[in-house]
Each structure stands twice: as structure tokens, then as C-alpha cells.
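[1] predicted coordinates and the sequence they were generated for:
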Amino acid sequence: MKKTITLVAGLALLAPAALAQTPAKRPLQLSDLAQMRDVSDAQISPDGNWVAYTVAMADTAADKRNADIWMAKWDGSQNLRITTSKDSESKPRFSPDGKYLSFVSSRGESAEDGQAQLWFLNRAGGEAEKVTKLKGSISDYVWAPDGKRIAMIIRDADPDSLTQAQKAKKKTAPPIVINRFQFKQDVDGYLNKQRQHLYVFDVASRKLTNLTPGNYDEHLPSWSPDSKQLVFSSKRGDDPDRHYNYDLYLIDAQSGAKARQLTTSELPDSDPSYRSRPAWSPDGKSIAFEQGGPRELMWYSVHQLVVMPVSGGAPKQLIASLDRNTSDPQWSADGKSLYFLLEDDRAQHLAKVSASGGKVERVVAGPREISEYEMGPKGKIVVVNSEPQQPDEVFVLEKKATLRPLSKQNDAWLGQVKFGAVEPIQGKSKDGTMVSGFIIKPVNYQQGKTYPTILRIHGGPVEQFGYGFAYEWQYFAANGYAVVVSNPRGSSGRGVDYTKAIFADWGNKDTEDVLSVVDYAVQQGIADPDKLGVGGWSYGGIMTDQVISRDKRFKAACSGAGIGNVFAGYGTDQYVRDYETELGRPWEKPDVWMRVSYPFFHAGQISTPTLFLCGEKDFNVPLLNTEQMYQALKSLNIDTELIIYPGQFHGISKPNYVKDRYQRYLAWYNKYLMPKGAATAGGQ
């Protein structure tokens, strides 16, 4: 019996540029990957007259991403490129007196070592100066309010790596000795005694002082208003590898000082994976921070905005009744309010609340994703904002919650291309649960015509597809496909109960949820039921394997960096803590592990031709998991291929490999879904 699904489609979300299309506009192409500019990290100068930000692009000649620093005048009259080196610069920060623009870069360092050093650019003129010469690498830094010192998080040099002199003599690398509970991490590789510590750098003397030597990692430092103390996040205890209980610590910014533990609950405070720096109140008496949920819920919990006295006492959740994730707290200049980012059902808004708690005000709302914001003098605020047909750009927050474009890095490119309409949808899954998502219609969509349709599934699982720009969606739309996406249970943005519904039960309810949007697209007469594809990366790859092992409607699949046999993940990836918390030890609860390993142990039910892809050095969801699923389908004589990207981690970063992946996606879907001889617009 065909199930009935009730859904409501929203209006197409069209950017102003899309409303004024000209005949010269064309569908998106692969070559546009080199034209798109990724804008981030906006910072307001102390006088409020300038905004610095970074712009990253693909350097196709060098086959790498390169980020440069730009500055825009507040009134929008000037937009200047500040750095032009072939190496990336990041984390632009103004000194409190406005004299310097500092940044981090590995320019001039060896390609293998690549230590990130601190640089000063004197705004009066001249070349940038490298002010640190570390054997380790700077991962984070903040200026003291008085401008005399800088707090830095510096990662130790790898004690197991060879020196340049040893490499020149072709010395044999020492064996890797492992004695940690968690011993692998994507990009970092095998984990040894290498740690990252909190240092203070004296600007005048260039002296560097390690405030926190020891066997721990420190994160997210923040200065007190009087420049005398620092608060930071650290995970300590008998064995930090076995838990996620980050706490806040206070320390005097002087040699020999001892850190004092500020928070003592079992909840994670300022977990660095969420990049929410703790914030001091202007009077120095309180600290605001992001606090996670109970250990047993791990990433399925909601992260709340919390304030506590510096002198000690119980932290207070300001918006406990709001069952949504919050991040990046920043105080208003008068200390009466706190601003923060609020995630909510496909959107992320800028919001604020009284410092004592109460009603939440959405300062900038609507169908958008605000990924960052920065507060400056005289109440000035800038945001990094994305919308369905507008990549991230810097905007100035004007009166009446209007956004004025400032960076405009993608304007010229956007004037050349046309996109498929992005329509928000919401519907009911098999058990009646409401599921939010989007339909992206093909470029030049014709009402009443059905199209080959691709279901794309997000990673995480605790993430969400939002109102921001997605090249992938538009690439398929440019090539004649409709695209359907949803935020199934397990996704964020809908509260803790919605998120934790898949706890230790992957592929069950979330499969029903993602299939509901496919059924909707068919019922609406948009999707051709005989030409359906599916795919995703990371947890999206996991779900792709789950879907094709449970449902035979899909004629083509692209599974990236997934895992079908979760037993194989234990001890071979970076998630040992999470596995034991959520699933239990595999020898103690084999039934739970077998349940989430459904695709591998039911591979005989798969009939969908599937393309498997993964990075060679992925320690997040390692290659061996993808290899197992490929081997299973090959054994069953199902059409399949395995693509391995040499030297790549979980995130494919080399521009040529990024381009190759999209080419392979399209070719695989075209082989099974697109009518023979049909032209595609954006394949080149």
C-alpha cells in the first residue's frame, strides 16, 4: 500500500540577483569552483572604520587553497587586498591601539613542517614582520585589552618527527610508540605526547612564557578586561582521553601562576569543537560561555548559554527553556545583554538576551545562516551571512535589523550564473514526525515535467542542512537534476529529543525520514520515481549505505567516507569514547553493534550500483570501512567502483580532487539516471 505523506512546500527563495536574470547568465559549471570565494573571520578595527576578513580561493596552479586578508572601509567605499603571498594567512586581528594588523601564517616555513607563526603588519606601511620563530605551531591567539601582550595556544613540535638535518641525512624514522586510550585523530594522525599549551607573548620584548606546561591541552583563551587574567578551556582529570568534560580555568597572566578550576560540573564547558570562546563581562565580574549536555548524550545534547561569577558559584542557564543550540556569546558594551548565535530549524540567527535571562530577541532572523559575527565600538556589528543563492559574505548590521553588503567578493561571479530555485519543505515521516528539508529544482525547471532526482544526506549526524548556499545542490540542478535534502532525526536545530532519537539506532528512523522527502518529490510530480539517486559524505555516506540496504528504489548511489560494518571502526578510527558511550563495548553489547552495522550484514539485499569514495589518510571514518562495502558489492557482482584520494584526510581539500569528486558524482548518476543522449549544462 502506498503511504500518504502530508507536506507543505514553501516559497522559492530567490536572491535579488536571481530575480534580475539576464540572457547572459549560464548554469553553474565545475570551473566555477575556482571562481567562488570563501569569506570568513570578519574583525572590526578599534576605531570602527575598517573591517578585516579572509578570502579563500582555489589556487589551481599549485593545487591548494590559498587564503588572503582583505580590508573594507565601514562605509563600503574601499575594499583592499592586504596580503598577496602564495601561502595562506588567517586569523586577522587588530591590535587594541589599531597600529598593527596581526595574522597567522606558515609562509616561509617548509612544506612538510608548516608551523604557523604570528606576523605583524604595521598599518602605517611596510612589509609584514614575522614575530615568532616557534618549533611548534600557533592554533589560536588573542590580544590583551591593553595591547601589551598576546595570549597564544601553541602546539608542541612533534617529538617523533625527524629534524631537517636528520631528513637530509636520510635517517630512518623512529617507531611510533602508542600508549594513549585515544591514539588517532584525523589530520593529526597518531597521537603521542604532543600537546598544546597556553602562552603569553610580550609584544615589546618578544618574550614568550608558557603558562600551562603539563600533559594537557588548552583551548579558547580569553582576557579579563584589566589584562591581568585569562580564562581558558581544558579537559583534565586522570585520563582526558576517556571523557569530554571540558572545564573552564582561570590563571594570572604571569610566569609561575597556577590555574584555578572555575567550573566543576560533569557538563562540557566551552567544548573547543564548537569554537565558542568564553567571554568576560565588561566589569570583569562574570563570564559567559557555551555549556553542553550530560556525558551520556555526547553530541546529541543541546548547547546552552551560561553565565557564572568569576568569584565562583553556580552557573546560570539564561535560556534553559529554549531547546536549541547556542554559541559564540559576546557582551554588549554596557554589560546588560548578551549576543549569541541561535540555531533553529535550517536557520542560524543572531540573537540576544538580558544578562539576567528572559525573553530572547532575534536581532537578525529569516531564512539565512549567520556563521559569525563581531561586535565593535559604538554598537557596531558585522556578520558573515549566507543565503540559498548567496555564498558567505560580510554584512554590516544597520538599524531595523537590515544587512548592508560589505565584502561583495562573489558579486561579479554571481552576475554570470543562474541557479535552481530552493524551496523549503516540511512533512511527516512514517510515524508522523515532522521532517524539514529543501527541494532544489533544476535550472530552467518546467512545471509538469518530471526529473531525475538525487537525495543527498548530510554528515554528522548532528548537523543540519540550512538556508546557506550549497554549491553541490546547484551543481546537480545545473545538470538537469532535482535535488531533495532533509534534516532527519539525529539532526540539530530541532531540540534534544529530535536529535537523540537515533541514539544507538542508526539507519532506522532517519532512513524513514530521508525517504519521506523523496516520496514528497514524487507526489508533487517533480521527481521521476524510476530515476532516483542517493548519496552523501561521512554520516551521509553511512546513511547512503543504510538506505540502499533497506530500500531498492534507488538506481544509483555515491557513498563517501562511510562505514557499513561498525565493528571495524572500533580501534581503527578516532571515536572510541563515543562508541563505548553510545553503543557499549562491542564484546559486551554485540546486538547493538550488529544493529547499527545493518548495511554490511545485509549487503545481500543491496542492488543499487554504488560509487564508493574516501581519502587515503582519513582517520575520522577510515578508508578500510569504505573498502569493506566496496568489496561486498564486488563480491555480489553489483556494479561498483572505489575511488581513493591519495594523501587526503576526511575532508577532501586539494582543488583537483574536489573537482574530480564532483565529476565522478555526475558521471555515476548520469550513467544510471539520465536519459541517453541528454545534454548536461555544467559538467565541464
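    Sure thing, it's come through. Numbering: from 1, shown residues only.
[2] so which residues of the stretch 1-150 of the chain form strands?
    7-9, 26-27, 38-44, 50-59, 64-73, 79-81, 89-94, 100-105, 117-122, 129-130, 137-143, 149-155 (DSSP state E, counting those that start in this stretch).
[3] surely residue 626 is in a strand?
    No. With DSSP: H, G, I helix; E, B strand; the rest coil as the criterion, residue 626 is located in helix rather than a strand.
[4] what's the closest non-adjacent residue to it?
    Leaving aside its chain neighbours, residue 626 sits nearest to residue 614 (4.1 Å; criterion: C-beta to C-beta, 6 or more residues apart in numbering). Glycine gets a C-beta too; all of them are placed from N, C-alpha and C.
[5] what average pLDDT does the helix or strand where the one you found lies get?
    Under DSSP states H and E, the secondary-structure element containing residue 614 is strand 610-615. Strand 610-615 shows a mean pLDDT of 98 in the predicted model.
[6] do stretch 482-501 as well
    In this model, stretch 482-501 has an average pLDDT of 96.
[7] stretch 288-298 too?
    Stretch 288-298 shows an average pLDDT of 91 in the prediction.
[8] that stretch: end-to-end distance?
    End-to-end distance of stretch 288-298: 21 Å, with C-alpha to C-alpha, to the nearest Å as the criterion.
[9] before we move on, back to that, let me know whether the residue nearest to residue 626 touches residue 628 as I believe.
    No. Contact criterion C-beta atoms under 8 Å: residue 614 and residue 628 do not qualify, at 11.0 Å.
[10] neighbour count winner among the two?
    When residue 614 and residue 628 are compared on other C-beta atoms under 10 Å, the one with more neighbours turns out to be residue 614, at 27 against 18.
[11] show me the beta-bridge partners of the more buried one.
    residue 644 (DSSP bridges).
[12] quick revisit: give me the contacts around the strand holding residue 614.
    Residues lying outside strand 610-615 but in contact with it, judged by C-beta atoms under 8 Å, 6 or more residues apart in numbering, are 544, 548, 556-562, 621-623, 625-627, 629-630, 633, 638-645, 647-652, 661, 664-665, 668.
[13] ok, stretch 647-659 next?
    30, 33-34, 58-60, 63-65, 186-187, 538, 561, 615-621, 645, 661.
[14] try 6 Å this time
    Judged by C-beta atoms under 6 Å, 6 or more residues apart in numbering, the contacts made with stretch 647-659 from elsewhere in the structure are 30, 33, 58, 60, 63, 186-187, 615, 617-618, 620, 645, 661.
[15] can you select the buried ones from the residues you listed in ChimeraX?
    Selecting only the buried entries of those in ChimeraX, with 16 or more other C-beta atoms under 10 Å as the criterion:
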select :30,33,58,186,615,617,618,620,645,661
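[16] okay, the contacts of stretch 647-659 in JSON lines with distance to residue 342 next?
    JSON lines is the format used below for the contacts of stretch 647-659 (distance: C-beta to C-beta, whole Å):
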{"residue": "30", "distance to residue 342": "35"}
{"residue": "33", "distance to residue 342": "31"}
{"residue": "58", "distance to residue 342": "32"}
{"residue": "60", "distance to residue 342": "38"}
{"residue": "63", "distance to residue 342": "38"}
{"residue": "186", "distance to residue 342": "29"}
{"residue": "187", "distance to residue 342": "30"}
{"residue": "615", "distance to residue 342": "33"}
{"residue": "617", "distance to residue 342": "36"}
{"residue": "618", "distance to residue 342": "32"}
{"residue": "620", "distance to residue 342": "28"}
{"residue": "645", "distance to residue 342": "36"}
{"residue": "661", "distance to residue 342": "33"}
